[in-house]
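Got a sequence here, can you build the structure:
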Amino acid sequence: MQNPEQARERFSKRLTEGDVGKCLIVFPICVVTGIFDFNEGHLFFMDVVGSSGSETWKFLGSFSINEEMGPIFSISCPNFVKEKALKADDEVVFIKQPMEDEKAPFKKFKIEVKRKIRLFGKDIWGDLMV
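Okay, here's the model as predicted:
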């Protein structure tokens, strides 16, 4: 079990068909409170490293207002979604990495992806190599 301090350093989501189809992962702002401050229209880069540490990507983060969800945080990551063949129901986990300058115009994260597989009649969550 993680403590509240750890919870503020990570956020996750089970992907929907819409997330995968648009290559855009959308979070209600409450999921990332404490990591990001809502600033409508603000765009910034996210340097993302895979769990193996050998691959890196640049994602685009943004804040906006959605009529149905209210304030949202979205991450555009088309290359990653296609390269890793992400599917609906995969879980993506973003873990904030420490930075020397926390006010920099970008943020660093480690990403983990989990996929449910059926093995001997049981659902098991496995980590995808990213």
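
Okay, the residue sitting nearest the centre point of the chain and residue 23: tell me how far apart.
Geometric centre of the chain, nearest residue: residue 94, 4.6 Å, by Cα atoms, centre = their mean. For residue 94, the distance to residue 23 equals 16 Å [Cβ to Cβ, to the nearest Å]. For every residue, glycine as well, the C-beta is placed using N, CA and C.

Next: residue 13.
Residue 13 is 14 Å from residue 23, by Cβ to Cβ.

Equivalent analysis for residue 87, please.
13 Å.

Report the secondary structure element holding residue 61.
strand 56-66 (DSSP states H and E).

ok so, going back, list the beta-bridge partners for the residue nearest to the centre of the chain.
Per DSSP bridges, the residues bridged to residue 94 are residue 11, residue 111.

what's it in contact with, if anything?
10-12, 48, 109-111 (Cβ atoms under 8 Å, 6 or more residues apart in numbering).

Reformat these as TSV; add neighbour count.
Formatted as TSV, those follow (neighbours: other Cβ atoms under 10 Å):
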residue	neighbour count
10	16
11	20
12	15
48	22
109	21
110	16
111	24
